[in-house]
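J.: Just a sequence and a predicted model for now, questions to come.
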Amino acid sequence: MRQEWTPEDAVACWTLVDADWELVANKSGPTRPGFCLLLKFFEVEARSPEFVEEFPQPAVEYVAGLVKVPAAELGKYDLAGAKRHRKQIREALGFRPATLADEEALTGWPAAEVCPVEPVENRQRDALLVEYRARKIEPPGRTRIEKILVAARGRWESAFCARVIERLGEAGTVRLLSLAVEDNETGAAMTMPTAEKKPVTTAMPNSGMVSPPWASFGKGLASGRSDDAHPGRATVGVVQGADAGAAEPERGVVSEDRPRLAVT
């Protein structure tokens, strides 16, 4: 609520009328101005204040003069414990408290009606509070209102993305994803059609044989040997003729006309 009020505005919005005096009845002490300010605040904002400081000071002084209680007495009013007063005011103005069903309905409403046309969060909040007022529902506290708006924005964003992908079609979606993973081989492979994917292979040293990259790792584990430069990494090479015999004399003579694999 705004805090700056001219005397004319205070008279127009904070003056107690006949029905208001009936509600005030025999209330006395700090309860008297506290209840009156709570009533008029609800009429203006369609919600209850969370703190006494939300009452504008010009309104506090004006209402205190009407009920003949010093304005300083308002500090003794237990706003947090005034549940009975809130209920009395809701019933007098035809409002009801919000329920979980209301929160679900009022999450879908801004997602469908407000978020597509209003990106500013403060205006989204104002629109939601106006809808609560139109439905004669007392809105929950600020924290709950923010959670409802976050959920509504998330729901709208998901629906928007789904509509965009549907309009793009499969080919357009794949091209869009390819832009997102540009210069990323792993991401690009994920977007490639299955029929075009090929296994990655490496050439064996000193031979025309081709093997998958994991072949050397498996054979290295079987032999229990590893590369000196990279402990734990096994390597496989092709050994032919006398070189094979020289490398491993304890394993016997190796045929010169038949290449074989030897762990190095």
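T.: Ah, there it is.

J.: my guess is A64 meets Y77, correct?
T.: No: if you go by CB atoms under 8 Å, A64 and Y77 don't touch, sitting 11.3 Å apart. Every C-beta, even on glycine, is put in place using the N, C-alpha and C of the backbone.

J.: Using PDB, list the CA coordinates for stretch 24-38.
T.: Taking Å, rounded to 0.1, in the frame of the first residue of the first chain, the C-alpha atoms of stretch 24-38 are listed here in PDB:
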ATOM      1  CA  VAL A  24     -16.500  -1.500  15.800                       C
ATOM      2  CA  ALA A  25     -19.300  -1.900  18.400                       C
ATOM      3  CA  ASN A  26     -17.900  -1.800  21.900                       C
ATOM      4  CA  LYS A  27     -14.200  -2.400  21.000                       C
ATOM      5  CA  SER A  28     -11.900  -0.200  23.100                       C
ATOM      6  CA  GLY A  29      -8.300   0.600  23.800                       C
ATOM      7  CA  PRO A  30      -5.700  -0.300  21.100                       C
ATOM      8  CA  THR A  31      -8.200  -2.800  19.600                       C
ATOM      9  CA  ARG A  32     -10.500   0.100  18.500                       C
ATOM     10  CA  PRO A  33      -8.100   1.900  16.100                       C
ATOM     11  CA  GLY A  34      -6.400  -1.400  15.100                       C
ATOM     12  CA  PHE A  35      -9.700  -3.000  14.000                       C
ATOM     13  CA  CYS A  36     -10.800   0.100  12.100                       C
ATOM     14  CA  LEU A  37      -7.500   0.400  10.200                       C
ATOM     15  CA  LEU A  38      -7.600  -3.300   9.500                       C
END
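
J.: Would you mark the buried spots in that stretch?
T.: By neighbour count on 16 or more other CB atoms under 10 Å, the buried set for stretch 24-38 is 24, 27, 30-38.

J.: Check stretch 123-135 too.
T.: Buried residues in stretch 123-135, defined by neighbour count with 16+ other CB under 10 Å: 124-125, 127-128, 131-132.

J.: quick check: mean pLDDT across the helix or strand harbouring D126?
T.: For D126, the host element (DSSP states H and E) is helix 121-134. Here helix 121-134 scores 95 as its mean pLDDT.

J.: what element comes up after it heading to the C-terminus?
T.: Next in sequence after helix 121-134, counting helices and strands by DSSP H and E, comes strand 137-138.

J.: Which one of the buried residues of stretch 24-38 is nearest to E113?
T.: For these, the minimum distance to E113 (CB to CB) is 30.9 Å, reached by L38.

J.: three-state assignment of that closest one?
T.: Classification of L38 by DSSP: H, G, I helix; E, B strand; the rest coil places it in helix.

J.: which residue packs closest to it, ignoring adjacent ones?
T.: Using CB to CB, 6 or more residues apart in numbering and skipping the chain neighbours, the partner closest in space to L38 is H85 (5.9 Å).

J.: Check what pLDDT the one you found gets.
T.: The per-residue pLDDT reported for H85 equals 95.

J.: I figured F51 hits L79, correct?
T.: Yes: F51 is in contact with L79 according to CB under 8 Å; the separation is 7.1 Å.

J.: Which one's more surrounded, those two?
T.: Remark: of F51 and L79, L79 carries more neighbours, 19 against 8, as counted by other CB atoms under 10 Å.

J.: Enumerate every residue touching the nearest residue to the more buried one once chain neighbours are set aside.
T.: Once flanking residues are discounted, L79 sits nearest to V52: 5.3 Å by CB to CB, 6+ apart. Residues in contact with V52, defined by CB atoms under 8 Å, 6 or more residues apart in numbering, are 74-75, 77, 79.

J.: Same check on T99?
T.: Under the criterion of CB under 8 Å, 6+ apart, T99 has no neighbours.

J.: picking up where we left off before, run through who's touching the helix holding D126.
T.: Helix 121-134 is contacted from outside by 46-47, 98, 106, 109-110, 114-115, 118, 138-139, 145-146, 148-149, 152-153, using CB under 8 Å, 6+ apart.
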